[in-house]
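>>> pasting the sequence and the predicted coordinates here, then a few questions.
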Protein chains: 2
Amino acid sequence: MSEQALAYLKENRTILLEKLNEFLSIPSVSTDSDRQQDIHNAAGFLVTYLTDIGFENIEKKETAGHPLVYAEYNGAGPDAPTVLLYGHYDVQPADPLELWDSDPFEPEVRKGRLFARGSSDDKGQVFMHLAVFEAYMKTEGKIPLNVKVCIEGEEEIGSENLYEMLNDNKELFKADFAVISDSGMVADNQPTILYGLKGFTGIEINVTGPDHDLHSGIYGGAIRNPIMALNHILSSMKNEEEVVTVAGFYDDVDPLTDEERKLIEAVQGEDFPTATGAPETASEKGYTAKEHTMARPTFEINGIYGGYQGEGTKTIIPSTATAKITCRLVPGQDPEKIQQLLENHIERTAPSGVTVDIKKEKLSAKAYKVEPTNSLIKKAANSYTKAFGKETVYVRMGGSIPVVEWIEEIYNMPIVLLGFGTPEDRLHSPNESFPLNSFDKGMETLVYYWNEVKET
Amino acid sequence: MSEQALAYLKENRTILLEKLNEFLSIPSVSTDSDRQQDIHNAAGFLVTYLTDIGFENIEKKETAGHPLVYAEYNGAGPDAPTVLLYGHYDVQPADPLELWDSDPFEPEVRKGRLFARGSSDDKGQVFMHLAVFEAYMKTEGKIPLNVKVCIEGEEEIGSENLYEMLNDNKELFKADFAVISDSGMVADNQPTILYGLKGFTGIEINVTGPDHDLHSGIYGGAIRNPIMALNHILSSMKNEEEVVTVAGFYDDVDPLTDEERKLIEAVQGEDFPTATGAPETASEKGYTAKEHTMARPTFEINGIYGGYQGEGTKTIIPSTATAKITCRLVPGQDPEKIQQLLENHIERTAPSGVTVDIKKEKLSAKAYKVEPTNSLIKKAANSYTKAFGKETVYVRMGGSIPVVEWIEEIYNMPIVLLGFGTPEDRLHSPNESFPLNSFDKGMETLVYYWNEVKET
């Protein structure tokens, strides 16, 4: 039933890769306000492609932020199931540019990998879905099931307007189940089903001392240094054993069961120092690095700045210092409650002589977990194994996909996380890439999967 | 004897201020490698001015860095004393530019103050000396004593090549005493003799974890965050009572005598919160803010940066984090020893999972202190009082002037610190300014002083 589609994908591989490169060449950086036009061009690319494939009711749905691309395929008829396909066409900033070996927006294949910002997260995986739909349409004239496409442009800035969009258009996005390909496999060519995702929240701390930078010789000894004040606050939030010391942070965290620990131990994870270049791993006291990354909450300072950062020395007491913090949450933890605990801790530990402003990150999401018994999950695992020729493993991961929580909350439909990335993809980093092996076998997986679930 | 010179300064005030503005308009920022030409233009301005006044052996002495302007006046004859006048024509960077109310390099007078980078530190005060020499030459045809001028272009980057210059040209710079106007008065219109200066040293810490920025969802929990590691190191170096907790830091510090505490208490200092905009003062446990700023060593983080500092959120574990630290030292403390103590502390406290690189600041200087009994000091105080109509006070200050230590070490000559700045000058900050009251009465002071010391 799916041989023709598979053959089509093989025969047209070069053309499809060229088309993907065209998509990746658009610098659709959602966090950068100078990229508005590129954002619209990326959405436009999808509209054109969906039109060519033969989708209906295609729409660039405007939001308060970046547009969302919606489209339908109803050719499988009223008795066939309908899948809601979610993805995003926006990408992370590419900086620091000097660390890229090739231009982030001029895709280049090296050693079997396609290097470009968005090649893995998530343009590459979105494109694979559209290519598979194209293959079915061009060969069999139909796709095995009905499809609703929902591809947003704000995932990397917290899907700011997606919840409202999904909530205000319940009929439009209604489907029998959802499929999301915005995640990865635990190792190259290792079929992986994600059955748990972490939640997410964040805050920004701004510490202000004097209202202007001061000469350290004249005022040193009289005025609190805002950078040091920020250091005292931050260092009191997580200790050197990687334990978060914010009161109440772990209160709602379920303890790891022995079964889960065995499951995690069984996953052949990557070697963290080799993959990251760090001298050694560092994880929460009492937990392995794999356990901490997959199933324990985390606290990270994503950025810090204050005072003089230029060439040479500038002997000042700076006026302000700022830190950006995000946490990854596990089932049981409520993002708003965690934000409040962080705020309480900061206000309690802020020293005299400075004022502290806290900006709560709008983006937040609860963690997600589903038992890996659902037939839709099982069929996904089978398709995976058939395409990659390896048993599928089931894992929880540290990444956060707010839309997963929202789809569950609003539609209460099963969600299948079919990700084809690998640990070497360098998501959010210089030299992001995606293996062509995942590109080929991932599309093969999707061809099998649509065929398997068409009678769900 | 000095009436004519004083009259000349009054009559030509407008012309002199225009000439000063021309000097201040040259953005001679020594720390900025793009400003080479401006540095040379500022030195060129001085060469021209000294030539017009009638100095001899004028020379732009090239160094490994920025040139030093040397000139001589020998017209007072072999029996008259010779003064070595030191100053600097380079300035601090002007950033952040958006906080200036007028262009830092387009001087503007507001409320009796001349606003421009360098108006107080140190171009304005250097100019006053030249104007006074001009006044004497144009009216009496001679200056009361012989002069050697030494105006460098690297003070704000640690006078990197000055020591070598002074040490390699002992005969050239030899004089009976030295005068330096690169400091301030404790209050506007309050004649002040500095009898003590702090020393200075610094280091830069760079913490590296992974060799590229990581996705916090995938690696959070496995890899040490370099920003948090840096926070733990820095927060262990000074506590919230403003006590430096680096082992040995205070070992060589002489205790403050009751006499000195009384002397400091007697000085009518500024109100720190009002002058700085900070909510309140914060100083070393057991010491007042005045005592800490004038007579106790300090430890400041001048700048910090790492990870994502742009718009929005970027959920990464950054690869590196950096902090710039400088300390102000008191008599007894050795800069190299302090650098070593800082390095030892950092290496001892650095957590696992990161590597730490330390860059030792080349600039360093011992503290300076002189008993205020020397007749050259007394005569300066008299001239000060005569011009400003107020008793002169004697203070120690937190600023560092490496050249003071070097002149003492190499030439062992008396050094008179004749500073005319005020606490409101905002040195090293946006909106640096210099009061026209100091400009007028400062030049008057110098006219009296040269006249008083001509028979030293």
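Cool, got the structure. Numbering: from 1, shown residues only, chains lettered A, B, ... in the order given.
>>> which of the three states applies to whichever residue of the stretch 1-150 of chain A sits closest to chain B?
In the stretch 1-150 of chain A, the residue that lies nearest chain B is A:T31 (3.8 Å; Cβ to the nearest Cβ). Yep, even glycine has a C-beta here, placed from its N, CA and C like the rest. For A:T31, the assignment made with DSSP: H, G, I helix; E, B strand; the rest coil gives coil.
>>> which residues touch it?
Shown in contact with A:T31 (Cβ atoms under 8 Å, 6 or more residues apart in numbering or on different chains): A:92-93, A:156-157, B:310-314.
>>> A:D79 too?
For A:D79, counting by Cβ under 8 Å, 6+ apart, there are no contacting residues.
>>> any low-confidence regions in chain A?
Applying pLDDT under 70 to chain A picks out residues A:1, A:456.
>>> and it, what are its domains?
Chain A breaks down by automatic domain parsing into domains covering A:2-197+A:368-453, A:199-253+A:297-360.
>>> return the most buried member of those domains.
Comparing the domains of chain A by mean neighbour count (mean count of other Cβ atoms under 10 Å in any protein chain shown), domain A:199-253+A:297-360 comes out on top with a mean of 22.
>>> start and end of stretch A:299-313, how far apart?
32 Å (Cα to Cα, to the nearest Å).
>>> closest residue of the stretch 51-200 of chain A to chain B?
For the stretch 51-200 of chain A, Cβ to the nearest Cβ, closest residue to chain B: A:I157, 5.4 Å.
>>> related to what we said a few turns ago, format the domains of chain A as a markdown table; extra columns: distance to B:H40.
Below are those laid out as a markdown table (distance: least, Cβ to Cβ, whole Å):
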| stretch | distance to B:H40 |
| --- | --- |
| domain A:2-197+A:368-453 | 31 |
| domain A:199-253+A:297-360 | 19 |
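>>> those domains: which one's closest to B:N74?
Closest of these to B:N74 is domain A:199-253+A:297-360, at 35.4 Å (criterion: Cβ to Cβ).
>>> picking up where we left off before, mind listing what the residue of the stretch 51-200 of chain A closest to chain B touches?
Counting by Cβ under 8 Å, 6+ apart, A:I157 touches A:30-31, A:65, A:90, A:363, B:312-313.
>>> please name the bridge partners of A:I301.
When assigned by DSSP bridges, A:I301 has beta-bridge partners A:I325.
>>> beta partners of A:L114?
Counting by DSSP bridges, A:L114 forms beta bridges with A:V109, A:F434.
>>> I'd assumed A:E98 was in a helix, is it?
Yes. The assignment for A:E98 by three-state DSSP puts it in a helix.
>>> re earlier: mind checking which of the domains of chain A is nearest B:T257?
Here domain A:199-253+A:297-360 is closest among the domains of chain A (Cβ to Cβ), at 18.1 Å.
>>> and that closest one, how far out from the chain's middle?
25 Å (Cα atoms, centre = their mean, to the nearest Å).
>>> just stretch A:428-437 next, same as before
On Cα atoms, centre = their mean, the centre of stretch A:428-437 falls 14 Å from the chain's centre.
>>> start and end of it, how far apart?
21 Å.
>>> list of residues touching that stretch?
Applying Cβ under 8 Å, 6+ apart, the contact partners of stretch A:428-437 are A:92, A:94, A:96-97, A:99-102, A:104, A:109-110, A:112-121, A:124, A:188-189, A:420-422, A:424-426, B:212-215, B:314-316.
>>> show me where the stretch 201-350 of chain A has strands.
A:214-215, A:298-307, A:316-317, A:320-329 (DSSP state E, counting those that start in this stretch).
>>> possible to save those strands as CSV with distance to B:N167?
Listed next are the strands of the stretch 201-350 of chain A as CSV, based on distance: least, Cβ to Cβ, whole Å:
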stretch, distance to B:N167
strand A:214-215, 28
strand A:298-307, 33
strand A:316-317, 30
strand A:320-329, 40
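>>> these: which one's closest to B:G184?
Here strand A:214-215 is closest among those (Cβ to Cβ), at 9.6 Å.
>>> the closest one vs chain B: in contact?
Yes. Applying Cβ under 8 Å from any Cβ of the partner chain, one finds that strand A:214-215 is in contact with chain B at A:214-215.
>>> paired strands for that strand, with orientation please.
strand A:316-317 (antiparallel).
>>> and the contacts of the strand it pairs with?
Residues contacting strand A:316-317 (Cβ under 8 Å, 6+ apart): A:209-210, A:213-216, A:219-220, A:223, A:225-226, A:307-308, B:300, B:302-303, B:428-429.
>>> what does the stretch 101-250 of chain A put close to chain B?
A:157-158, A:184, A:198, A:200, A:202, A:209-225, A:227-228, A:231-232, A:234-236, A:238, A:240, A:242.
>>> please list all residues in contact with the residue sitting furthest away from the middle of chain A.
Residue farthest from the centre of chain A, counting by Cα atoms, centre = their mean, is A:I218 at 48.1 Å. Under the criterion of Cβ under 8 Å, 6+ apart, the neighbours of A:I218 are B:184, B:293, B:397-399, B:423, B:427.
>>> helices along the stretch 151-300 of chain A, start to end?
Secondary structure of the stretch 151-300 of chain A by DSSP state H, counting those that start in this stretch: the helices cover A:162-168, A:170-173, A:216-219, A:226-235, A:258-266, A:272-276, A:289-295.
>>> now the closest residue to A:T322 other than its chain neighbours, which residues is it bridged with?
Nearest residue to A:T322, sequence neighbours excluded (Cβ to Cβ, 6 or more residues apart in numbering or on different chains): A:N206, at 4.8 Å. Residues in a beta bridge with A:N206, per DSSP bridges, are A:T322, A:D357.
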